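Any chance you could fold what I've pasted below:
(4 chains)
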There are 2 protein chains.
Amino acid sequence: MGKKISELLKKGDFKVNGSLWIEGDGQRFFGPGPVELLEYIDQTGSINQAAKKMGMSYKKAWELINNLNAMAAQPLVTTSTGGEKGGGSILSKEAKQMIAYHRQLRERFRIFLERETARLK
Amino acid sequence: MGKKISELLKKGDFKVNGSLWIEGDGQRFFGPGPVELLEYIDQTGSINQAAKKMGMSYKKAWELINNLNAMAAQPLVTTSTGGEKGGGSILSKEAKQMIAYHRQLRERFRIFLERETARLK
DNA sequence: GGCCGTTATATCTTTGTTTATATAACGCAA
DNA sequence: TTGCGTTATATAAACAAAGATATAACGGCC
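As a prediction, the model looks like this:
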């Protein structure tokens, strides 16, 4: 039967971890990063502030959003410039639904990872 | 209930995909890359040839192996230089066991991903 | 008109990662 | 002794990713 994994590692403690995403046409569409960004945009109403909360440059955040919109049938984020607050961004109904899907996915993944970690101990 | 994911994407076809690894002390220990490399080393008896099969530079392959050995309680790969074939590398019993663990893990992960993909369709 | 904060974009710089190249040591065999 | 293929390592070069900076446009408000 052999040794346990904890015996194979110098530091005995370990866990199974991973990353999950939804992909269409071979390329990633919806991963952990974009989801978190969308959630912050929903909270703040601004790509700029959401990026700051994530410690991410505005440029990168904008590129993420742009990619998402390019792959989505309907835009996930609609933006506007000017006005009282200088502009802003809001999530579409579809974006909120994607977030909900991903939340469920992540929760089941978390359970899977816990179970697999326990199985190897 | 909202729309299906396939309706949210321009290209209707999609799947849930991901990556899995074993980590100790917060840092990755055993992921898909190292496993594949070890398997090739087992086949060829050489880090050099294994690296070529993976389209990876020898340097990177060696660094991967070095990291693995540094985190493992017993070395996973033992190397030798000189001799009839110029030297070579062989896997320890522990390495083969890690590969076996990871294979099982991957298989259950595959099933998980298929199930999750189906659930969203 | 001038101010404000935001989106959108281009350009340049910096940083980090990967790859390429070179060199030495090893031990067996011819 | 020379040749061979491998491990092991350093250094330089090439490439990619990320970050910094600057600028324009927008539209409400004072």
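
Secondary structure element holding A:Gln49?
Per DSSP states H and E, A:Gln49 falls inside helix A:47-53.

Contact residues of chain A facing DNA strand C?
Within chain A, the positions near DNA strand C by Cβ under 7 Å from any atom of the strand are A:46-49, A:58-59, A:62, A:65-66, A:79-83, A:85-89. All C-beta spots, glycine's among them, are computed from the backbone N, C-alpha and C.

Could you name the helices and strands sitting against the helix or strand just after the helix holding A:Gln49?
On the C-terminal side of helix A:47-53, the closest following helix or strand by DSSP H and E is helix A:58-71. If you count contacts as 3 or more Cβ pairs under 8 Å, 6 or more residues apart in numbering or on different chains; DSSP states H and E, helix A:58-71 packs onto strand A:27-30, helix A:32-44, helix A:47-53, strand A:77-81.

Give me the mean pLDDT for helix A:58-71.
Averaged across helix A:58-71, the pLDDT comes to 96.

That one relative to helix A:32-44, how many degrees between them?
If you take axes from the mean of the first three to the mean of the last three Cα atoms, to 10 degrees, helix A:58-71 sits at 100 degrees to helix A:32-44.

Stretch A:81-90 and DNA strand D in contact?
Yes: Stretch A:81-90 lies within reach of DNA strand D by Cβ under 7 Å from any atom of the strand, at A:Thr81, A:Gly82, A:Gly83, A:Glu84, A:Gly86, A:Gly87.

Is any residue of the helix or strand hosting A:Arg110 near chain B?
Using DSSP H and E, the element containing A:Arg110 is helix A:93-119. Yes: interface with chain B: helix A:93-119 contributes A:Lys93, A:Glu94, A:Gln97, A:Met98, A:Tyr101, A:Leu105, A:Arg108, A:Phe109, A:Phe112, A:Glu116 (Cβ under 8 Å from any Cβ of the partner chain).

circling back to that earlier point, between the helices and strands packed on helix A:58-71, which gets nearest to B:Leu8?
B:Leu8 lies closest, by Cβ to Cβ, to one member of the helices and strands packed on helix A:58-71: strand A:27-30, at 9.3 Å.

And DNA strand D, is that closest one touching that?
No: Strand A:27-30 stays clear of DNA strand D (Cβ under 7 Å from any atom of the strand), getting no nearer than 12.7 Å.
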